[in-house]
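1. Below is the structure, and that's it, no one-letter string:
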């Protein structure tokens, strides 16, 4: 869940607690339910499910938990989640896209609307900000031990087929064409890099800078509120932070 840069760093700090990790896997589990319903329970034939398994493992979810979740949603076809995307504006016109998986769209819509309204934003119509973003594959690598050579990883990523790579305080974000995400991820792993996440993301074409302390505080609180909602899978913004 990111506006990239600063929010990514906030997110990684939050995810270090066991409680936060449990919440993350609850969200991944919902995404797995949607993926299994759409493409079946075999990750060899379901690339979305395969990516979600990798995402769970990157967040240190035990394999037994992952397999139990897959079995649960395979055996219980009456458990249905739908994916709904909300678009709106934050303080000073920051564009926000909220991706959700829910079994109760009224609950989810109410929570999303309330978060926008409480912190100086407003929920808009579908399409109101989507044109400001481009879908990309994004692979993240966190260099916790400061062992990665920045020039080397940039060279390796481009040779693996990446379009771009950016670094921010020990985190590397590798950008790909959406269709190349799997192949680039596999090639980078083959070179010995430990992937933190590999997901499709919406990358903004333009950014909005917040200068008011109140706006910055409200934006951070809004993102925190979305992050705490089990129905929310991902949040993308064009906040230049």
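-> Looks like it came in fine. Not measured: the values here are computed from a predicted model.
2. Select the longest strand from the protein.
-> Assignment by DSSP state E gives strand 133-142 as the longest strand of the chain.
3. Below-threshold pLDDT in the chain: ranges please.
-> Applying pLDDT under 70 to the chain flags residues 1-22, 77.
4. the domain parsing of this structure - what is it?
-> Following automatic domain parsing, one gets these domains for the chain: 6-75, 82-131+205-237, 135-204.
5. how about the ones you listed in a markdown table, adding mean neighbour count?
-> Using the backbone N, CA and C atoms, a C-beta is placed for each residue, glycine as well. Rendered in a markdown table, the data for the domains of the chain read as follows (neighbours: other CB atoms under 10 Å):
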| stretch | mean neighbour count |
| --- | --- |
| domain 6-75 | 17 |
| domain 82-131+205-237 | 18 |
| domain 135-204 | 17 |
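6. next structured bit after the longest helix seen in the chain?
-> For the chain, the helix with the greatest residue count under DSSP state H is helix 18-39. The helix or strand immediately downstream of helix 18-39 is helix 47-58, counting by DSSP states H and E.
7. and stretch 25-45, how far out from the chain's middle?
-> 15 Å (CA atoms, centre = their mean, to the nearest Å).
8. And the strands in this structure?
-> Under DSSP E, the chain gives strands at 82-89, 95-102, 122-123, 133-142, 164-168, 171-176, 197-204, 232-237.
9. re earlier: who's in contact with the longest strand of the chain?
-> Contact with strand 133-142 is made by 8, 12, 95, 97, 148, 153, 162-163, 170-178, 180-181, 184-185, 188, 193-205, 236, 238, as judged by CB atoms under 8 Å, 6 or more residues apart in numbering.
10. what do you get for stretch 151-170?
-> 4-5, 8-9, 136, 139, 141-144, 146, 150, 172-177, 180, 183-184, 187-188, 191, 193.
11. what's the answer for stretch 190-203, then?
-> Counting by CB under 8 Å, 6+ apart, residues outside stretch 190-203 touching it are 2, 4, 51, 54-55, 58, 97, 130, 133-142, 148, 153, 156, 160, 171, 175, 178, 181, 185, 188-189, 234, 236.
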